[in-house]
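Peer 1: Sequence plus predicted model, see below.
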Amino acid sequence: MTPHRVVSPQEWLAARRQLLDREKAFTRARDELSRERRELPWERVEKSYTFEGPDGRETLADLFAGRSQLVVYHFMYGAEAEAPCKSCSFWADNFNGIIPHLQQRDVSMVAISRAPLERLQAFRKRLGWSFKWLSSGGSDFNYDYHVSFRPEQTGAQYNYVAITSSMSDYPGVSVFFKDESGSIFHTYSGYARGLDMLNTAYHYLDLVPKGRDEAGLPFTMAWVNYRDRYDT
């Protein structure tokens, strides 16, 4: 880390207040962006999807669990993969504690992957996760929401742009709404850097002097490992 400018308490306070003005402007801009996100048009979900979970086979409608809103984290764990994505595991470490709070605001949250249920359950147990994690198995769900791609597929899109990649699965988040008649609507999906805001640890790292400290790495999250595999 390069030497940093050190100033008097008065100079520090002046600089901090100046940054605070920008932070407040950013907060207001974020609130406006969130409002615009909520005002996006919806698309009706016409296809039926089923998943394998700890409670047996469930439909997309079942996953709402009596609530009107559903958040799905697309956990990157392909059907043939030996282990889940380390970065998705980093994100999933944020889930356990927030789900009861989401439920108080009429929101259910689950994770969905293509890997078989027994593999999901084994890894869930290993990491001590309590959130619901289901397998989409042979369903088209992951493909329809642009987080999985078949080898023969042409015109693949991820994060709303065309991609060419040898990877079969990617991370993402999708949001759904179910009305009183039982109709389900897709209201939002986000991918790539759009997931940053869902990772609490990254927000704390953004506060410290070294930040995320990823600039010299082979790729951005090369440092990330499963939480029980870091050296202590």
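Peer 2: All right, it came through fine.

Peer 1: For the chain, which segments are assigned as helices?
Peer 2: With helices called from DSSP state H, the chain shows them at 9-38, 86-92, 99-103, 117-127, 141-144, 200-205.

Peer 1: Which one of the ones you listed lies nearest to residue 51?
Peer 2: helix 141-144 (7.4 Å; Cβ to Cβ). No exception for glycine: its C-beta is placed from N, CA and C like everyone else's.

Peer 1: what mean pLDDT does that closest one have?
Peer 2: Taken as a whole, helix 141-144 has a mean pLDDT of 96.

Peer 1: Only the buried residues of that helix, if you could.
Peer 2: Using 16 or more other Cβ atoms under 10 Å as the burial criterion, the residues of helix 141-144 that qualify are 141-142.

Peer 1: And for stretch 158-173?
Peer 2: Neighbour-count burial for stretch 158-173 [16+ other Cβ under 10 Å]: 158, 168-173.

Peer 1: Would you check how far apart the nearest residue to residue 94 once chain neighbours are set aside and residue 211 are?
Peer 2: Of all residues not flanking residue 94 in the chain, residue 200 sits nearest, at 4.9 Å (Cβ to Cβ, 6 or more residues apart in numbering). With the distance defined as Cβ to Cβ, to the nearest Å, residue 200 ends up 15 Å from residue 211.

Peer 1: same check, this time on residue 131
Peer 2: 28 Å.

Peer 1: Please apply the same query to residue 117.
Peer 2: Taken as Cβ to Cβ, the span from residue 117 to residue 211 is 38 Å.

Peer 1: Quick check on the two: which one has the bigger neighbour count.
Peer 2: The residue with more neighbours, out of residue 117 and residue 211, is residue 117; 18 against 11, by other Cβ atoms under 10 Å.

Peer 1: Which pLDDT value goes with residue 219?
Peer 2: pLDDT at residue 219 comes out at 93.

Peer 1: Tell me who's in contact with it.
Peer 2: By Cβ atoms under 8 Å, 6 or more residues apart in numbering, residue 219 lies in contact with nothing.

Peer 1: contact partners of stretch 47-54?
Peer 2: Outside stretch 47-54, the residues within contact range by Cβ under 8 Å, 6+ apart are 57-60, 63, 110, 112, 116-117, 121, 132-137, 139-141, 144.

Peer 1: I figured residue 210 hits residue 204, correct?
Peer 2: No. Using Cβ atoms under 8 Å, residue 210 is not in contact with residue 204, being 11.9 Å away.

Peer 1: closest to residue 184 out of the helices of the chain?
Peer 2: Across these, residue 184 has its closest neighbour in helix 141-144 (12.3 Å, Cβ to Cβ).

Peer 1: Contacts for that closest one next, please.
Peer 2: Counting by Cβ under 8 Å, 6+ apart, residues outside helix 141-144 touching it are 47, 49, 51, 60, 74, 112-114, 136, 148-150, 153, 169.

Peer 1: So which of those sit within strands?
Peer 2: 51, 74, 112-113 (DSSP state E).

Peer 1: what's the closest of the residues you listed to residue 5?
Peer 2: Of all those, residue 5 sits closest to residue 74, with 42.7 Å by Cβ to Cβ.

Peer 1: Show the low-confidence segments of this protein, by residue range.
Peer 2: Low-confidence segments of the chain (pLDDT under 70): 232.

Peer 1: Kindly state the domain boundaries assigned to it.
Peer 2: As assigned by automatic domain parsing, the chain contains the domains 10-39, 44-200.

Peer 1: ok so, going back, could you turn the buried ones of the contacts of stretch 47-54 into a PyMOL selection?
Peer 2: Applying 16+ other Cβ under 10 Å to the contacts of stretch 47-54, the buried members can be selected in PyMOL as follows:
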select buried, resi 58+60+63+110+112+117+132+133+134+135+136+137+139+141
